[in-house]
Each structure stands twice: as structure tokens, then as C-alpha cells.
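1. what shape does this take:
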Amino acid sequence: MSCTRPLNMVVLAPQGVFIPLYVAAGAGDFRPTDRHVDVLKQTLSVAPVEHLRKFAGARGVIRASGRQCSPARGGGSDPAPWIRLSAVSFDDPLNRNVNVTALHEFGHCVDYLYGAMAGLRSRHPDLYRLLSGTAHTGRTQGPGETFADCYLIFVVTQLARRAYRHPADPGAYEGDRANRLFEALINSPAFDGWNGALSGLRRQAPPGTAAPPRGVSGRG
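-> Numbers count the residues shown, from 1 in each chain. Predicted coordinates:
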């Protein structure tokens with residue numbers, strides 16, 4: 001079995017944005033069910049449309065990996081902005097109604113495409129330290145992981161209006177602590193011009209920071 005070919009393409013088109021999902025064409029390999037694909041599409045449909053367009057414009061794709069292919073579990077976003085979802089992740093109970101694995105990996109792509117954490121560190125070091133110091137469950141650690149966690153939790157809880165319990169630190173995304181972390185997210189370059197949920201948390205741009213050419217539309 002090959003991890004790269006042959007492949008079939010499924011078009012997801014969340015919010016009308018063309019994003020291809022590549023799945024194995026071989027009869028003996030793993031293929032997501034129609035429900036898996038529908039959950040993935042509906043999950044991405046909640047993300048800010050400008051982020052979807054940026055991903056598509058960078059020729060971002062999603063790959064449903066075979067059972068013997070990398071990653072063996074969870075997901076990956078290397079090489080960016082490609083998203084790889086393991087076969088077992090599609091049946092993970094956490095992904096039954098919202099594919100949080102895909103949202104986490106999409107958060108990595110948003111960080112990469114906008115220079116989100118690097119920009120936050122330059123603009124607001126206090127918010128960068130706060131977000132980068134949040135606990136993360138997983139072998140890979142670092143500020144990119146905490147941004148991706150925050151992104152998925154923001155989309156799930158603030159845009160999709162669903163409950164989510166952060167496995168590494170359940171209290172981190174409750175009450176005032178959650179708002180502080182979302183403040184860090186909203187003040188990154190990925191949300192320049194954001195006018196949706198929690199947009200009131202945006203700070204005045206630091207001196208010398210150019211105004212963004214386009215806003216990021218809000219959904220909720």
C-alpha cells in the first residue's frame with residue numbers, strides 16, 4: 001500500500017471556499033465515510049472565511065492518511081500548509097460531532113500563514129507569554145501548539161457555541177482565564193480587523209504598526 005498514490009479528491013468547499021480532501025483510492029486502504037467528510041466540512045465552515053481563503057490561496061490541502069501511514073494518530077501540518085489526519089482520528093469520540101483534530105491542525109496553518117505568534121510576540125509580549133505558557137497535551141510542545149489549541153477552542157466555543165474541555169488544563173479556558181487567552185489570540189496578526197466574537201478584546205495597535213488592508217469577517 002502506498003501512502004501517496006493513488007488518491008481520489010473530495011471537494012469540501014466550506015463557506016464556498018475550495019479545499020480539497022485527498023483520500024486513498026485503493027479498495028483495501030482507509031477511506032473516511034460520508035459522515036466523516038460531512039463533519040469535517042461542517043467543522044471548517046465555522047472558521048473565519050478569510051482564514052479558509054488564505055489556506056486555499058496557499059494551495060493548502062487536507063490528506064486522510066492510510067492506516068499504515070504517518071501520522072499514526074492525531075494529525076499533522078507538515079509541510080505547511082498541508083493538513084494530515086490519521087485514520088484513527090476520524091473515529092475518535094472527540095471528533096464525532098466536531099473534528100477538533102482538524103481545527104487544531106488548521107490553527108497551525110493559520111499561525112504559519114499569518115505569522116501569528118511571531119507577530120503577537122512583537123506587538124504584545126505579555127499576551128505572548130501568557131498564551132505560550134498554557135499547558136498542552138502532546139509530545140510536541142511550544143508556542144505553536146498553544147496557539148493551535150487556543151484557535152480550536154475559540155472556534156468551537158465562541159463561533160460554533162459548543163462546549164469544550166481543554167484536556168491539558170480544563171480551567172484554562174473557563175471564565176476570565178479564557179478571555180485572557182482569547183485576548184491573546186484576537187490580538188495576533190491572524191485576527192487583524194476582526195469584527196466578530198470577542199472583537200472588543202482587541203487592543204490599540206502598537207506605534208508603527210500598519211493598519212491591515214482587509215478585515216476578518218465575524219461569524220458570531
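2. now do the longest helix anywhere in the chain: which elements does it pack against?
-> Under DSSP state H, the helix in the chain containing the largest number of residues is helix 100-114. Helices and strands touching helix 100-114, by 3 or more CB pairs under 8 Å, 6 or more residues apart in numbering; DSSP states H and E, are helix 34-44, helix 49-57, strand 75-76, strand 83-85, helix 143-154. Any C-beta I mention is one placed from the backbone N, CA and C, and that applies to glycine too.
3. I'd like the next helix or strand past that helix.
-> Sequence-wise, the next helix or strand beyond helix 100-114 is helix 116-123, with elements assigned using DSSP states H and E.
4. so which bits of whatever helix or strand comes next after that following helix are buried?
-> Using DSSP H and E, the next helix or strand after helix 116-123 towards the C-terminus is helix 125-132. Within helix 125-132, the residues that qualify as buried by neighbour count (16 or more other CB atoms under 10 Å) are 127-128, 130-132.
5. re earlier: using CSV, write out every CA atom in the longest helix of the chain.
-> Written as CSV, here are the backbone C-alpha positions of helix 100-114 (Å, rounded to 0.1, in the frame of the first residue of the first chain):
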residue,chain,number,x,y,z
VAL,A,100,-11.2,19.2,16.8
THR,A,101,-8.1,17.4,15.4
ALA,A,102,-8.6,19.2,12.1
LEU,A,103,-9.3,22.5,13.8
HIS,A,104,-6.0,22.2,15.8
GLU,A,105,-4.1,21.5,12.6
PHE,A,106,-5.8,24.3,10.8
GLY,A,107,-4.8,26.5,13.7
HIS,A,108,-1.2,25.6,13.0
CYS,A,109,-1.7,26.6,9.3
VAL,A,110,-3.2,29.9,10.4
ASP,A,111,-0.2,30.6,12.6
TYR,A,112,2.1,29.8,9.7
LEU,A,113,0.3,31.8,7.1
TYR,A,114,-0.2,34.9,9.2
